[in-house]
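Asks: dropping a prediction and its sequence here:
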Amino acid sequence: MTVNTENESPSETIQTLPNVDTNEITAVQIGLAVIPVVFVITLAFLFFKQLKYRKELYTQAVNLKRLSSIPCYKCQFFSNNQQLPCAVQPALVLSEEAFNCSDYSSRKRR
């Protein structure tokens, strides 16, 4: 709709849309404002989730490295028997207390 008054020249014609208030916020504007906020919240959530998994993975790697250095595998009394892996110290076998095992004796090479 074009509004042209008699006092104005044609170059000063004002164009307006019918029944539209320029101060009114529409649903599209709200949606466009919410999308970046949701995107940032999602990225923050994923970042902290990944950070948590990275810490857990590091902790498991450190534990695995420490437990893999247990001397039981090199002891002459150790066997891969599931019921009785160590005949001398069955309570200590494959645990952290096995580092200080008094009965440890290295296997003789054949």
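Replies: Now that the structure is in, tell me what you want to look at. As the structure is a computational prediction, the values presented were derived from the model and not from experiment.
Asks: please make it C-alpha for all contacts and neighbour counts, starting now.
Replies: Noted.
Asks: low-confidence regions, the chain specifically.
Replies: Across the chain, the ranges flagged by pLDDT under 70 are 1-22, 109-110.
Asks: now with 80, please.
Replies: In the predicted model of the chain, residues 1-23, 25, 67-69, 107-110 satisfy pLDDT under 80.
Asks: so what are the domain limits for it?
Replies: Listed by automatic domain parsing, the domain ranges of the chain are 25-69, 70-110.
Asks: just to check, residue 104 is in contact with residue 73?
Replies: No. Proximity of residue 104 to residue 73 does not meet the contact threshold set by C-alpha atoms under 8 Å, at 10.4 Å.
Asks: what ranges do the strands span in this protein?
Replies: Using DSSP state E, the strands of the chain run over 2-3, 14-15.
Asks: so which of the domains of the chain is the most packed in?
Replies: Burial of the domains of the chain is given as mean neighbour count (mean count of other C-alpha atoms under 10 Å); domain 70-110 ranks first at a mean of 14.
Asks: residue 54 and residue 68: what is the separation?
Replies: Distance of residue 54 to residue 68, given as C-alpha to C-alpha, to the nearest Å: 21 Å.
Asks: and what of residue 23?
Replies: As for residue 23, its distance to residue 68 is 69 Å (criterion: C-alpha to C-alpha).
Asks: same check on residue 80?
Replies: In terms of C-alpha to C-alpha, residue 80 sits 15 Å off from residue 68.
Asks: contacts for stretch 74-85, please.
Replies: Outside of stretch 74-85, the residues within contact range by C-alpha atoms under 8 Å, 6 or more residues apart in numbering are 72, 86, 87, 88, 90, 93, 104, 105, 106, 107, 108.
Asks: for the third one, which non-adjacent residue is closest in space?
Replies: This means residue 87. residue 77 (6.3 Å; C-alpha to C-alpha, 6 or more residues apart in numbering).
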